[in-house]
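Colleague: Fold the stuff below for me.
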Amino acid sequence: IFRRNRAQKHFNENRHSRNIICKSRQLGFTTDEAIDMFDDVLFTRNHDTLFIAQDLDTAKDIFSNKVDYAWLNFLEPLKVQYKVNSESARQFKFDFGDGSISSITVDSSGRSGTFRRLHITEFALVCAKFPERATEIIEGSIPAIPLDGRIDIESTAQGETGHFADMFWEAWNRPRAPLQTEFKAHFYNWTWDDEEIASIKEPIKDLPSEFKEYQRIYSLN
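Modeller: Residues are numbered from 1 along each chain as shown. Now for the predicted structure:
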């Protein structure tokens, strides 16, 4: 059973209809979003979702190790309630038996169609390595989400330039609460990585004086 860590819980308690997340590595946002999105699909009729990864190999990995893995471990008594179409290598379609169909697609770029929810992982990397694809996502995929839909963009930072940096800082520096179609900024740095911090067994010996000062100012252990 998937259980959220502290950063994942905090985000879900404070999220908006449009979210942009700047975070450190290995906090599990990709896993949380993939499973949460899949959960929406399984229990919401006529709910089509799109998960965009930075490249095709990553998209295949996310679909296989998160979405398909979750389905393989889903409760058998509930599985039989759906007719499943998995002809596409990175897509599930679930027929509820009453004419309602919901789907989850994991790909490396936006697709034409109407989606209720969109997640973009490592968008700063897409902006840096594939600027044309990033522009396509901004001009095509994001505007296609309806007003009552949901968009989440998460990434580690890749410098101070590019669409992701611009979008994050615009949201972060906004002096008021975001409107429904505006992005809300979230920041999760290394101090949210409880598992990694807990793995440290001994304090650092002979800590440089400047780091001792940082430790005092920021109350670091």
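
Colleague: Pull the residues that contact the biggest helix by length in the chain.
Modeller: When the chain is parsed with DSSP state H, its longest helix is helix 29-43. Here helix 29-43 makes contact (Cβ atoms under 8 Å, 6 or more residues apart in numbering) with 2, 4, 7-8, 11-12, 21, 23, 47, 49, 51, 62, 66-67, 70-71, 74, 78, 82, 92, 94, 102-104, 106, 116-117, 119, 121, 152, 154, 188. Backbone N, C-alpha and C define where each C-beta goes, glycine included.

Colleague: what are the ranges of the helices in this structure?
Modeller: Counting by DSSP H, the helices of the chain are 6-14, 29-43, 56-62, 69-72, 76-79, 123-129, 131-136, 163-172, 194-198, 209-218.

Colleague: Using CSV, lay out the ones you listed together with mean pLDDT.
Modeller: As requested, the helices of the chain are exported to CSV (pLDDT from 0 to 100):
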stretch, mean pLDDT
helix 6-14, 98
helix 29-43, 96
helix 56-62, 95
helix 69-72, 94
helix 76-79, 91
helix 123-129, 95
helix 131-136, 92
helix 163-172, 97
helix 194-198, 90
helix 209-218, 93
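
Colleague: Single out the most deeply packed of these.
Modeller: Most buried of these, by mean neighbour count (mean count of other Cβ atoms under 10 Å): helix 123-129, with a mean of 22.

Colleague: ok, Lys93 - contacts?
Modeller: With contacts taken as Cβ under 8 Å, 6+ apart, Lys93 has the following neighbours: Val84, Asn85, Ser86, Ile101, Ser102, Ser103.

Colleague: The spatially closest residue to it that is not a sequence neighbour: what's it in contact with?
Modeller: Using Cβ to Cβ, 6 or more residues apart in numbering and skipping residues adjacent in sequence, the residue nearest Lys93 is Asn85, 4.0 Å away. By Cβ under 8 Å, 6+ apart, Asn85 lies in contact with Phe92, Lys93, Phe94, Asp95.

Colleague: What separation is there between Asn85 and Thr156?
Modeller: 34 Å (Cβ to Cβ, to the nearest Å).

Colleague: quick revisit: just send the helices of the chain back as JSON lines, with distance to Phe183 too.
Modeller: Shown next, in JSON lines, are the helices of the chain (distance: least, Cβ to Cβ, whole Å):
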{"stretch": "helix 6-14", "distance to Phe183": "13"}
{"stretch": "helix 29-43", "distance to Phe183": "15"}
{"stretch": "helix 56-62", "distance to Phe183": "22"}
{"stretch": "helix 69-72", "distance to Phe183": "27"}
{"stretch": "helix 76-79", "distance to Phe183": "34"}
{"stretch": "helix 123-129", "distance to Phe183": "11"}
{"stretch": "helix 131-136", "distance to Phe183": "15"}
{"stretch": "helix 163-172", "distance to Phe183": "4"}
{"stretch": "helix 194-198", "distance to Phe183": "27"}
{"stretch": "helix 209-218", "distance to Phe183": "28"}
